[in-house]
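Visitor: Take a look and give me a structure for this.
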Amino acid sequence: PDGLVAAPSHAGAAGGGKRLGASMASQVAEVNTEANARESRLQMESYLKDAVGRDVVVMAGAEATGYGEMAFGPGQTGADKGITVCVTLGLGIGVSLFDEGVLAHNPTDIEQQLNTWSRERWDDAPLPRLPMLDGEVEPTEEEWERWAVRVDHYLQRIEAVCRPDTFIICGRGSVSFDRWAHKLTNVKTPVYRAQQGINAAVQGAARGASEVLTLRQDTARVRAAIGHSQGLSPQKLTEVQLSAVFDEFDSDKSGELTMDELTNAVQKLGVRMSPTELRELYVEMDYELTGTILKREFIAWWNDSIGKSSVEVIHTMAEYEQVLDDADGTDQMSVIMVGVTYCKPCKAFTKKYQDFAERFSGARFIKVFGNENKDMTVLCRDMLKVKSTPTFYFFRNKDQVHMHTGANAGKFERFMLDNIREGEPGYGSPLLFEEPEAKKPEEVAA
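Guide: Take a look at the predicted model:
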């Protein structure tokens, strides 16, 4: 497959494009939906992406279900106007929040409330079990009442934090919706019943993965355009430079970006995006759900999308092309190390390559495995013409300026020191490794 969607507790095909939906028990994959858990989610995606060699989208079960109901259930009939909260009820509780149809990160206050769902005070208020077999007892009205009080309590808490326009009840709780929903006495927001059942998570994983991967492509294009406007690769922009970019986008100097300001900024950068894609990008940046984008949100979004590792592992042809596009016009050096998974010299050089990346931090260091998947095989065999591993390729802008083979730190270091320019990190630093001596002609002949 070309991609993987990991949604805990749900399984199924994740739609077209040869994408695979995978189920992971919650004991194995704990996916948090709150805004400040973005880093742990990105780390999980990075780990799985490195493991399977495909694009990976990690989402919580509540998010997959929410995507399904927004696309194929009540959300498609008008519930996508304003803020919709999909609440998955059963033994536990999960929430996914959609701002005009676009998934937003849950405010921390909501997650804190949800963490109290299993407290002792609710031990006598589980979701009543509908009779499935002959002889099973029908739940009493008192049991439905206690359950309704519990749900009412949490929906009120969510109302207080994000003032939603619509609730959609999903999961097992939706099966018995008609037995208890009319007993909600304090919730002011309209409450709807989910329509897709178990299919919501399967369909939603596919729909959500498609939207997330499109957003990532849009994000990469916007990042590259911002980097080009500053004459740098996106990975090399400092917080001071990002602050200046934000100030330039903030045309009314209010300290906040509105939807119109972001739209105008993207247009000036020459990036074409549909209104829906722009909306998704805006909501992604506004992870505090303030309705506008603050400078700290913009910088946090940038850092999350760039990543923090000094060596990036890429897995697709699109990522390789993006590396070159990012560098185009920036005069930045990019280094690509090509290896294969069974190459012992490649493994032995990994730590040195990481150290070089930190020492020459003005350059961008990339790593690929030529036997990982079809894309990487085509790249290494047909485009880069790799004959042995490891092989190192050096670029300035988009142009290849050098290549050599062999896991020799002295040869690598010598090229870097000879080609790093004054003012770039590592320039003028001392030699730490010995370069191998050239073999004499008689030795080669022998």
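
Visitor: And the pLDDT at the nearest residue to Arg157 once chain neighbours are set aside?
Guide: Closest residue to Arg157 apart from its sequence neighbours, by Cβ to Cβ, 6 or more residues apart in numbering: Gln113 at 4.3 Å. To be clear about C-beta, it is placed using only N, CA and C from the backbone, and glycine gets the same treatment. The pLDDT attached to Gln113 in the predicted structure is 85.

Visitor: mind starting the numbering at 344 from now?
Guide: Okay, residue one is now 344; in that scheme the one you just asked about reads as Gln456.

Visitor: List the buried residues in whatever helix or strand Gln456 lives in.
Guide: Element membership of Gln456 [criterion: DSSP states H and E] is helix 451-457. Applying a neighbour-count criterion of 16 or more other Cβ atoms under 10 Å, one finds Ile453, Glu454, Gln456, Leu457 buried in helix 451-457.

Visitor: Give me the neighbour count for Tyr663.
Guide: Neighbour count for Tyr663, taken as other Cβ atoms under 10 Å: 20.

Visitor: which other helices and strands contact the helix holding Gln456?
Guide: strand 436-442, helix 484-505 (3 or more Cβ pairs under 8 Å, 6 or more residues apart in numbering; DSSP states H and E).

Visitor: Okay, now the sheet partners of the following helix or strand past the last one, with direction.
Guide: It stands for helix 484-505. Toward the C-terminal end, the helix or strand that comes next after helix 484-505 (DSSP H and E) is strand 509-513. Sheet partners assigned to strand 509-513 using DSSP bridges are listed as strand 426-432 (parallel), strand 534-536 (parallel).

Visitor: residues making contact with strand 509-513?
Guide: Defining contact as Cβ atoms under 8 Å, 6 or more residues apart in numbering, one finds that strand 509-513 is touched by 405, 408-409, 412-413, 416-418, 422, 424-432, 498, 501, 520, 524, 530, 532-537, 543.

Visitor: Tell me the first helix or strand C-terminal of that strand.
Guide: Stepping forward along the backbone from strand 509-513, the first helix or strand reached (DSSP H and E) is helix 515-518.

Visitor: residues contacting the closest residue to Val565 other than its chain neighbours?
Guide: With Cβ to Cβ, 6+ apart as the measure, Val614 is the residue that lies nearest to Val565, at 5.5 Å, once sequence neighbours are left out. Listed by Cβ under 8 Å, 6+ apart, the contact partners of Val614 are Asp561, Arg564, Val565, Ala568.

Visitor: For the helix or strand encompassing the second one, list every residue counted as buried.
Guide: Read it as Arg564. Here Arg564, judged by DSSP H and E, is contained in helix 542-573. Burial within helix 542-573, assessed by neighbour count using 16+ other Cβ under 10 Å, is assigned to 543-556, 558, 561-571, 573.

Visitor: Can you list the low-confidence ranges for the stretch 394-543 of the chain?
Guide: Judged against pLDDT under 70, the low-scoring parts of the stretch 394-543 of the chain cover residues 418-423.

Visitor: again, only this time at 80
Guide: Counting by pLDDT under 80, the low-confidence segments of the stretch 394-543 of the chain come to 394-398, 417-424, 448-451, 541.

Visitor: dump the residue contacts of the residue nearest to Arg500.
Guide: By Cβ under 8 Å, 6+ apart, Gln456 lies in contact with Tyr497, Arg500, Ile501, Val504.

Visitor: ok so Val480 is a strand residue?
Guide: No: secondary structure assignment places Val480 outside any strand; it is coil (DSSP: H, G, I helix; E, B strand; the rest coil).

Visitor: Does the closest residue to it other than its chain neighbours lie in a helix or a strand, and which?
Guide: For Val480, the nearest residue in space outside its immediate sequence neighbours is Pro474; the separation is 6.7 Å by Cβ to Cβ, 6+ apart. Pro474 belongs to no helix or strand when elements are defined using DSSP H and E.

Visitor: Counting neighbours, what do you get for Pro474?
Guide: Other residues lying near Pro474 total 11 when counted by other Cβ under 10 Å.

Visitor: Considering the buried residues of helix 451-457, which is situated nearest to Ser597?
Guide: Distances from Ser597 to these, taken as Cβ to Cβ, are shortest for Ile453 (27.0 Å).

Visitor: for that closest one, what are its contacts?
Guide: Residues touching Ile453, when contacts are defined by Cβ under 8 Å, 6+ apart, comprise Glu377, Val438, Leu440, Arg500, Ile501, Val504, Cys505.

Visitor: Over to Leu434?
Guide: Residues counted as contacts of Leu434 (Cβ under 8 Å, 6+ apart) are Pro469, Leu470, Arg515.

Visitor: Can you verify it is assigned to a strand?
Guide: No: counting by three-state DSSP, one finds Leu434 to be coil, located in no strand.

Visitor: Name the nearest residue to Trp465, ignoring sequence neighbours.
Guide: Closest to Trp465 by Cβ to Cβ, 6+ apart is Arg493, at 5.3 Å.

Visitor: Hmm, Asp467 and that neighbour touching each other?
Guide: No: no contact is recorded between Arg493 and Asp467 when judged using Cβ atoms under 8 Å, the distance being 9.4 Å.

Visitor: between the two, which one's more packed in?
Guide: Higher neighbour count among Arg493 and Asp467: Arg493, with 20 against 11, using other Cβ under 10 Å.

Visitor: ok, so of the buried residues of helix 451-457, who is nearest Val683?
Guide: Glu454 (42.6 Å).

Visitor: what separates the closest one from Val504, distance-wise?
Guide: Distance check for Glu454 against Val504: by Cβ to Cβ, to the nearest Å, it reads 10 Å.

Visitor: Can you verify my assumption that the residue nearest to Val480 contacts Arg522?
Guide: No: counting by Cβ under 8 Å, no contact exists between Pro474 and Arg522, whose distance comes to 11.9 Å.

Visitor: most neighbours, which of the contacts of Leu434?
Guide: Compared across the contacts of Leu434, Leu470 has the highest neighbour count, 20 neighbours, by other Cβ under 10 Å.
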